[in-house]
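Asker: model the following, please.
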Amino acid sequence: MRDLKIPASRHPEKAHRPDNAQPKKPDWIRVKAPGGQGYADTHRIMREHKLSTVCEEAGCPNVGECWSQGHATMMIMGEICTRGCTFCNVATGRPDALDVFEPGRVADAVKKLGLNHVVITSVDRDDVDDGGAEHFAMTIRAVRKQAPGTTIEILTPDFLKSSPGALETVVEAKPDVFNHNLETVPGLYPSVRPGARYFHSLRLLQRVKELDPSMFTKSGIMVGLGEDRQGVMQVMDDMRAADIDFLTIGQYLQPTPKHHAVDRFVTPDEFKSYEKAAYGKGFLMVSATPLTRSSYHAGDDFAQLRDARNAKLGLA
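Answerer: From the prediction side, this is the model:
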């Protein structure tokens, strides 16, 4: 019986990889252990609704802070991914069939948590014809019905192997923010994200803007994987050419010795430099800190993103 709590069962594709040393984290990476009533309440609601969260499955360092405030990133379509990215802690393998009742449970949880802004992500589902696009759309519609005042941010897979029209299906459901992470510089894709294609992901985000120019687009990368500053700058330029509004940059943290090695810990000053450069290139919103993750402070960031666009359009 496969037990996803055991690393070898969770990541069978990594079981025979040589171990990579896990360097000691610097002081600026340390976070408080999860706890408190808010954390417990969020955990209870997630379990009652039989929902997965990327906070848990990916081992996010900010889970204690976010859950204590009632914020959790819902991960739909199961907890097993069909891809085997070398940085990711989400389990890999053959997923179960899609649960048609899941969109309703997500919407009910959003309502009970009283969220002003929700982030909904998923595993890759290359086993499903449309990559799970209609499931995303159903979830967006369910949340709109149950919690009409909640703004919705989605963090999607790349739909690389999906049938034509998958992206259109998701965009037509009208999330407020469409996020898809490039994750790293193109030269590291073979070793970091071997099942994906950099320019396909970039084109996906560009296509969102073509389909709906009013929709906010967002993407993020990790640093500390072996990239250099010039490579990060080129990714920024590529993103701006695709009219991406919001950039996130965070430190890569190695989940287990079998995962991609940490090349180095990028200093807070370097992150500030990246932030300054990104704003100079025209992004409406930038979050660049060691602990930045795609969904970290997403609600507050969305409000700033909206204000930044209004100011740019002279509507503030």
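Asker: tell me where the stretch 151-300 of the chain has helices.
Answerer: 166-172, 189-192, 198-211, 229-241, 268-280, 298-312 (DSSP state H, counting those that start in this stretch).
Asker: give the buried residues for the fifth one.
Answerer: Looking back up the chat, that one is helix 268-280. Buried positions in helix 268-280, judged by neighbour count with 16 or more other C-beta atoms under 10 Å: 270, 271, 274, 275, 277, 278. C-betas here are computed from N, CA, C, even on glycine.
Asker: still on that earlier bit, could I get the helices of the stretch 151-300 of the chain as CSV with mean pLDDT and distance to residue 160?
Answerer: Below are those laid out as CSV (pLDDT from 0 to 100; distance: least, C-beta to C-beta, whole Å):
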stretch, mean pLDDT, distance to residue 160
helix 166-172, 98, 10
helix 189-192, 97, 12
helix 198-211, 98, 6
helix 229-241, 98, 18
helix 268-280, 98, 26
helix 298-312, 87, 25
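Asker: present these as TSV; the columns should include distance to residue 89.
Answerer: Below are the helices of the stretch 151-300 of the chain laid out as TSV (distance: least, C-beta to C-beta, whole Å):
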stretch	distance to residue 89
helix 166-172	25
helix 189-192	14
helix 198-211	20
helix 229-241	23
helix 268-280	22
helix 298-312	20
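Asker: which of those helices sits most buried?
Answerer: Among those, judged by mean count of other C-beta atoms under 10 Å, the one packed with the most neighbours on average is helix 166-172 (a mean of 20).
Asker: could you dump that one to CSV, C-alpha only?
Answerer: The C-alpha trace of helix 166-172 is given here as CSV (Å, rounded to 0.1, in the frame of the first residue of the first chain):
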residue,chain,number,x,y,z
ALA,A,166,-8.4,24.1,-22.5
LEU,A,167,-7.0,27.5,-21.7
GLU,A,168,-10.1,29.2,-23.2
THR,A,169,-12.3,27.2,-20.9
VAL,A,170,-10.5,28.5,-17.8
VAL,A,171,-10.3,32.1,-19.0
GLU,A,172,-14.1,32.1,-19.9
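Asker: follow-up on the earlier one: right, and the helices of the stretch 151-300 of the chain - which one's nearest residue 4?
Answerer: helix 189-192 (22.3 Å; C-beta to C-beta).
Asker: identify the residues contacting that closest one?
Answerer: Residues external to helix 189-192 that are found in contact with it (C-beta atoms under 8 Å, 6 or more residues apart in numbering): 85, 86, 87, 183, 184, 196, 197, 198, 225, 226, 260.
Asker: neighbour-wise, which one of those leads?
Answerer: residue 184 (27 neighbours; other C-beta atoms under 10 Å).
Asker: still on that earlier bit, what's the closest of the helices of the stretch 151-300 of the chain to residue 21?
Answerer: Taking these one by one with C-beta to C-beta, helix 189-192 is closest: 16.7 Å.
Asker: just how off-centre is that closest one within its chain?
Answerer: Taking C-alpha atoms, centre = their mean, to the nearest Å, one finds helix 189-192 lying 18 Å from the centre of the chain it belongs to.
Asker: what do you get for stretch 155-175?
Answerer: 15 Å.
Asker: and for stretch 143-162?
Answerer: Centre to centre, stretch against its chain (C-alpha atoms, centre = their mean), the figure for stretch 143-162 is 12 Å.
Asker: swap in stretch 15-31?
Answerer: Counting by C-alpha atoms, centre = their mean, stretch 15-31 is centred 21 Å from the centre of its parent chain.
Asker: so for that stretch, what gets flagged as buried?
Answerer: residue 25.
Asker: mean confidence for it?
Answerer: On average, the pLDDT along stretch 15-31 is 87.
Asker: count of residues packed around residue 160?
Answerer: Residue 160: 16 neighbours (other C-beta under 10 Å).
Asker: doesn't residue 198 make contact with it?
Answerer: No. The criterion here is C-beta atoms under 8 Å, and residue 160 misses it with residue 198 at 11.2 Å.
Asker: hang on, the earlier thing: and residue 116, which of the helices of the stretch 151-300 of the chain is closest to it?
Answerer: helix 298-312 (5.5 Å).
Asker: so what touches stretch 253-270?
Answerer: 7, 11, 14-15, 17, 19-23, 25-26, 28-29, 58-59, 61, 86-89, 191-192, 223-227, 251-252, 289-290.
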